[in-house]
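In: here's my sequence, what's the structure:
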Amino acid sequence: MNAVTASPRRWWALIAIVLCVLTVGFDTTILNVALPTLATALDAGSDDLQWIVNAYVLVFAGLLLPMGALGDRYGRKRLLAIGLLLFAAASLVAVFATDAAQVIAARALMGVGGAILTPLTMAVLPVLFDERERGKAISLLTMGMGLGLPLGPIMGGYLLEHFWWGSIFVINVPVALIALVAVLFLVPESRSATPKRVDLPGAGLSTLGLIFLVYGVIEAPTQGWTAPKVLGVLVAGAVLLATFVLVERRAASPMIDLRLFRKPRFAWGTAAGTLASFALFGVLFILPQYLQAVRGNDALGVGLRLLPLIAGLFVGAPLGERIARLTATRLPVALGLLIGGVGLALGARTEVGSGYGSVATWLAIAGAGIGLALTPAMDAVLGSLPRDEAGSGTAITMTFRQVAGALGVALLGSLTTAVYRDRLDQAPEAAKRSIAAAVSLGDPALAAAARTAFVDAMSAVMLICAAIAVVGSILVAVFLPNAQTRRGTEESSDELTRVA
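Out: Numbers count the residues shown, from 1 in each chain. Down below sits the predicted model:
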């Protein structure tokens, strides 16, 4: 145990890291509840609103890989501080924006900050904690990430009810600044002891490839998966990413080490985290719509009714760490995905007249399963990484999770639309656009039919997510190794990481 991992300040440093993930975490969900208000206040059309959301997603997804590598080279603490400053500055730009274009630009800048913070918050954990404590630290970080999910709608609903629309961005500033002070004073600097040259071709290809891919996935539900524009950007993204892989395999100093995927704990830990994230994104995509349009809750009510999911996550995350410590990694990850799948399958049985008690029950079960799987899966990933490559390695995992989330929302969105429209085959075209549109038409019979159609669509989404979680559980049970093989770079000792 080195001086850093022996210091009691490491737990205070973890609080700083949790503040970083909270800064990013609740910003996304707080924006979702504010879109109707922004449409009115900024005279923003549907395309403007879409870009207010997607500008962040595109920049964020595109920059995850290079930002993780830059943190390894130039210092993870330094990059964390820059990311927090960018996030705070971008939030201030959004506060004083006078039109949608300025908010879109601010959201893109927030995406840069988020792309810096997301991989590096996880990458500093091996610096602060040794193998015995790392799982506990990851479980606390997972709980911090989960806390942002209901906080966004709860805070957003309250702020929009009592203040002007800019208040949803104002709240980011003090949170980011507090996190910045905590990082500067509590988190030790760390970087690769043998820094690589900046891989500009790799950075450019990965960034453009991911942006093209995610853009195509975002546009597919509205334009159609076979639309020429969608197919064009998806193919371009795939070609750029394939070229990126070829370049990285031949580069003398690649941005990311693709040999990491030869390590089963890294590969299957990443796969498990990606599948758990897919399930979580599926719930967060469909459930708020159900709570608002079918059950008639406002934004604040939606946030409060997501709390059972977070309660389950708070139970599952530390429990997963304890089980992994007492037995082995495979058991809690496979069991967690299985429990999450059971919870989602129960969610598929939800009906229009179902009481909230049944919804809260399956939410808690799904949250517990996801938390149970995520903590040991991420610990397996971090335990497989040489400390020199903690930033770039975690960036790979986070990129897979984010792209899977975007792809999941797009695919599940297409499925939702298809089932919903099919169930309303004889309804007016205006009602088929969305359940919100159908309810707003003022026809009670049509509104009832639309609610039934949407619940049918939600059941289909939950069944797909449940099936993916269960299949993931089986694959993890077969392929995820229990024991970490410690040889070569995996024996990397403290001299591999320069800690200030």
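In: OK, contacts around the residue lying closest to A373 once chain neighbours are set aside?
Out: Leaving aside its chain neighbours, A373 sits nearest to G336 (2.9 Å; criterion: CB to CB, 6 or more residues apart in numbering). In short, each C-beta sits where N, CA and C put it, glycine included. By CB atoms under 8 Å, 6 or more residues apart in numbering, G336 lies in contact with A276, G316, G320, A368, G369, I370, G371, L372, A373, L374, P376, S473.
In: next step: those residues restricted to helices.
Out: Assigned to helices by DSSP state H, the following of the contacts of G336 qualify: A276, G316, G320, A368, G369, I370, G371, L372, A373, L374, P376, S473.
In: how many residues are close by the closest residue to I15 other than its chain neighbours?
Out: Nearest non-adjacent residue to I15, counting by CB to CB, 6+ apart: A182, 6.4 Å away. Number of residues near A182 (other CB atoms under 10 Å) recorded here: 20.
In: skipping adjacent residues, who's closest to the residue nearest in space to the middle of the chain in space?
Out: Centroid-nearest residue in the chain, with CA atoms, centre = their mean: Q402, separated by 5.3 Å. Using CB to CB, 6+ apart and skipping residues adjacent in sequence, the residue nearest Q402 is A61, 5.3 Å away.
In: A strand includes P201, no?
Out: No: read with DSSP: H, G, I helix; E, B strand; the rest coil, P201 is helix and lies in no strand.
In: contacting residues for the closest residue to it other than its chain neighbours?
Out: Once flanking residues are discounted, P201 sits nearest to V247: 5.5 Å by CB to CB, 6+ apart. Counting by CB under 8 Å, 6+ apart, V247 touches P201, G202, L205, P254.
In: which residues touch the second one?
Out: Taking CB under 8 Å, 6+ apart as the criterion, G202 is in contact with P66, F244, V247, E248, A251, P254, M255, I256.
In: equivalent analysis for R9, please.
Out: Residues near R9 by CB under 8 Å, 6+ apart: L186.
In: before we move on, what about D298?
Out: G157, Q292.
In: quick one: it and L372, what's the gap?
Out: Separation of D298 from L372 (CB to CB, to the nearest Å) stands at 32 Å.
In: same deal with A16?
Out: Separation of A16 from L372 (CB to CB) stands at 26 Å.
In: could you do G146 as well?
Out: 13 Å.
In: and the two? Which one has more around it.
Out: More neighbours surround L372 than the other of G146 and L372, with 33 against 26 (other CB under 10 Å).
In: can you tell me the closest non-neighbouring residue to that one?
Out: G336 (3.1 Å).
In: dump the C-alpha coordinates for the helix or strand that neighbour falls within into CSV.
Out: Assigned by DSSP states H and E, G336 belongs to helix 330-347. Extracted in CSV, the C-alpha atoms of helix 330-347 (Å, rounded to 0.1, in the frame of the first residue of the first chain):
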residue,chain,number,x,y,z
ARG,A,330,-18.8,-13.9,-11.6
LEU,A,331,-21.5,-14.6,-9.1
PRO,A,332,-22.7,-11.1,-8.3
VAL,A,333,-22.4,-9.9,-12.0
ALA,A,334,-24.4,-12.9,-13.4
LEU,A,335,-26.9,-12.8,-10.5
GLY,A,336,-27.3,-9.1,-10.8
LEU,A,337,-28.1,-9.3,-14.5
LEU,A,338,-30.5,-12.1,-13.8
ILE,A,339,-32.3,-10.2,-11.0
GLY,A,340,-32.5,-7.1,-13.2
GLY,A,341,-34.0,-9.2,-16.0
VAL,A,342,-36.6,-10.6,-13.6
GLY,A,343,-37.5,-7.0,-12.5
LEU,A,344,-37.9,-5.9,-16.1
ALA,A,345,-40.0,-8.9,-16.9
LEU,A,346,-42.3,-8.0,-14.0
GLY,A,347,-42.4,-4.5,-15.5
